[in-house]
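Trainee: Sequence first, predicted model second:
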Amino acid sequence: MSETRIRVGGAEPYDVVVGTGVLGELPELVGERVRTVAVVHAEGLPEIARPVCGVLEKAGYTVHPLPVPDGEAAKEAGVLAGLWSSFAALGMTRSDAVVGVGGGATTDLAGFAAASFLRGVRAVLVPTTLLGMVDAAVGGKTGINIPEGKNLVGAFHPPGGVLCDLATLVTMPREDYVSGLAEIIKAGFIADPRILELVEEDPAGAASPDGPHTRELVERAIQVKADVVASDLKESGLREILNYGHTLAHAIEKAEQYRFRHGHAVAVGMVYAAELSRLAGRLPADVVERHRAVLASVGLPVSYGADAWPELRATMTIDKKSRGATLRFVVLDGVAKPGRLEGPDEELLAAAYREVGR
Ligand SMILES: NC(=O)c1ccc[n+]([C@@H]2O[C@H](COP(=O)([O-])OP(=O)(O)OC[C@H]3O[C@@H](n4cnc5c(N)ncnc54)[C@H](O)[C@@H]3O)[C@@H](O)[C@H]2O)c1
Ligand SMILES: O=C(O)C(=O)C[C@@H](O)[C@H](O)[C@H](O)COP(=O)(O)O
Ligand SMILES: [Zn+2]
């Protein structure tokens, strides 16, 4: 099957290319103006980084592989500063480009390095995890963590193109693959109920890169994200819906020193947001149960430590959707009907957590 191109609109439109064995499309995404390409890749993925570098060299670019730590350890200020120094040592200019190769953590870092070096050079992203393809590499949110919290430093810097080669998914550890399903299911609850039906009809298939609907699930989730970010790149309104479940999720990740997978935290966070919606009188109980059922069916967690609430509540205050002292949540008024809950009282917040804490 040939590749699909999903156009992400906005001031600087770009394509997300999806297919199997589509690496040959990469030079076109990098573009003709570029001379030097820094390939920022997760150090544990040499088998994927090598062909990426090869295809770029063959196309005539001067290519410099720059390995960074695997996973969340990449999203640190020290690693970012190391990339700035490497780019400068390579003599990169504004007509050069960064290609980010790896999971969401790697592409968040590579994207932010590109956003900040020389106040902005071109970034092309090659996500190699399910989560990276359906969410992290699309939409231009880039950034790193700081000890005070998740993604607290970053920039909106849309990529020049995104290449999703589904062939790379086959080597993914199962737990990481399932983590990506949480963001796909999120897209289902906020915007595209067909995603939920596809997962519910065949949870085992959904949890495997060889499943019958893998490509459709990936493309549907990308389309949801593309539609949202095209109209609200900088999260002044609509884009907040992509943050469904993330207020609690980011607090859990911080409490776990970023050793808890992002998608697993988002799964718990969505159940919390659904309970919050129900207790606020906005969502029927059966839709909350649908969250638990569909997430658990693919092996995602739906509860978290009961004793953790005071620490999680304190961390949630720093969420980016807050305005002043007012906490703001993305909630649901039904499937594909996202809304906002502003300044819920403390008892409501705690009561919703009692439904999640085990
Ligand atoms: N920018 C955004 O809009 C956005 C959206 C969602 C998530 N995120 C961020 O993405 C990150 C999570 O991304 P993730 O789930 O991809 O995790 P990850 O980047 O930490 O990758 C998980 C692990 O899988 C390895 N890996 C990557 N590709 C592989 C492959 N093909 N085969 C085998 N191993 C592979 C990685 O090296 C890493 O060890 C979080 O930091 C999250 O905050 C960002
Ligand atoms: O793209 C967005 O917007 C999202 O919120 C997508 C989320 O899945 C993603 O985890 C994002 O990085 C969270 O953003 P943050 O602004 O809460 O750090
Ligand atoms: Zn997320």
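Mentor: The structure has been received and is ready for your questions. Ligands and ions are numbered 1, 2, ... in the order given.
Trainee: how close does the most centrally placed residue in the chain get to ligand 2?
Mentor: The residue lying closest to the centre of the chain (CA atoms, centre = their mean) is residue 136, at 2.9 Å. Distance of residue 136 to ligand 2, given as CB to the nearest ligand atom, to the nearest Å: 7 Å. C-beta: built from backbone N, CA, C; applies to glycine.
Trainee: What sits closest to that residue if chain neighbours are left out?
Mentor: residue 104 (3.1 Å; CB to CB, 6 or more residues apart in numbering).
Trainee: Who are the contact partners of the residue nearest to the centre of the chain?
Mentor: 103-104, 107-108, 127 (CB atoms under 8 Å, 6 or more residues apart in numbering).
Trainee: which SSE is residue 178 in?
Mentor: Using DSSP states H and E, residue 178 falls within helix 174-190.
Trainee: Show me what the mean pLDDT comes to for that helix.
Mentor: For helix 174-190, the mean per-residue pLDDT is 98.
Trainee: Okay, domains of this protein per the record?
Mentor: Domain assignment for the chain by automatic domain parsing gives 4-171, 174-232+239-354.
Trainee: Now distance to ligand 1 too, for these, in CSV please.
Mentor: CSV is the format used below for these (distance: least, CB to the nearest ligand atom, whole Å):
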stretch, distance to ligand 1
domain 4-171, 2
domain 174-232+239-354, 4
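Trainee: Show me where the stretch 201-350 of the chain has its helices.
Mentor: 203-206, 214-231, 246-255, 262-279, 285-297, 309-316, 346-354 (DSSP state H, counting those that start in this stretch).
Trainee: Would you tell me which of the ones you listed gets closest to residue 8?
Mentor: helix 214-231 (4.5 Å; CB to CB).
Trainee: before we move on, back to that, JSON lines please, covering the helices of the stretch 201-350 of the chain and showing mean neighbour count, mean pLDDT and distance to ligand 2.
Mentor: Listed next are the helices of the stretch 201-350 of the chain as JSON lines, based on neighbours: other CB atoms under 10 Å; pLDDT from 0 to 100; distance: least, CB to the nearest ligand atom, whole Å:
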{"stretch": "helix 203-206", "mean neighbour count": "17", "mean pLDDT": "98", "distance to ligand 2": "18"}
{"stretch": "helix 214-231", "mean neighbour count": "20", "mean pLDDT": "98", "distance to ligand 2": "7"}
{"stretch": "helix 246-255", "mean neighbour count": "25", "mean pLDDT": "96", "distance to ligand 2": "5"}
{"stretch": "helix 262-279", "mean neighbour count": "26", "mean pLDDT": "98", "distance to ligand 2": "6"}
{"stretch": "helix 285-297", "mean neighbour count": "18", "mean pLDDT": "98", "distance to ligand 2": "15"}
{"stretch": "helix 309-316", "mean neighbour count": "16", "mean pLDDT": "96", "distance to ligand 2": "11"}
{"stretch": "helix 346-354", "mean neighbour count": "15", "mean pLDDT": "98", "distance to ligand 2": "18"}
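Trainee: if I pick the residue nearest to residue 212 when sequence neighbours are not counted, what's in contact with it?
Mentor: Sequence neighbours aside, residue 205 is the residue nearest to residue 212 in space, at 5.3 Å (criterion: CB to CB, 6+ apart). By CB under 8 Å, 6+ apart, the residues touching residue 205 are 211-214.
Trainee: How about the stretch 51-200 of the chain: which residue is closest to ligand 2?
Mentor: Closest residue of the stretch 51-200 of the chain to ligand 2, CB to the nearest ligand atom: residue 151 (3.2 Å).
Trainee: Now do the phi/psi pair for the residue nearest to residue 136.
Mentor: With angles defined as degrees, to the nearest 10, residue 104 sits at phi -60, psi -30.
Trainee: next one: residue 149
Mentor: phi 170, psi 170.
Trainee: which residues does it bridge with?
Mentor: residue 146 (DSSP bridges).
Trainee: what pLDDT does it get?
Mentor: At residue 149, pLDDT is 87.
Trainee: Thought residue 318 was touching it, still the case?
Mentor: Yes. Assessed by CB atoms under 8 Å, residue 149 is found in contact with residue 318 at 5.1 Å.
Trainee: of those two, who's got more company?
Mentor: More crowded of residue 149 and residue 318, by other CB atoms under 10 Å: residue 149, with 18 against 14.
Trainee: just wondering, since we're on the residue nearest to residue 96 when sequence neighbours are not counted, how far is it from residue 53?
Mentor: Setting aside the residues directly before and after it, residue 96 is nearest to residue 36 in space (CB to CB, 6+ apart), at 4.2 Å. Distance check for residue 36 against residue 53: by CB to CB, to the nearest Å, it reads 13 Å.
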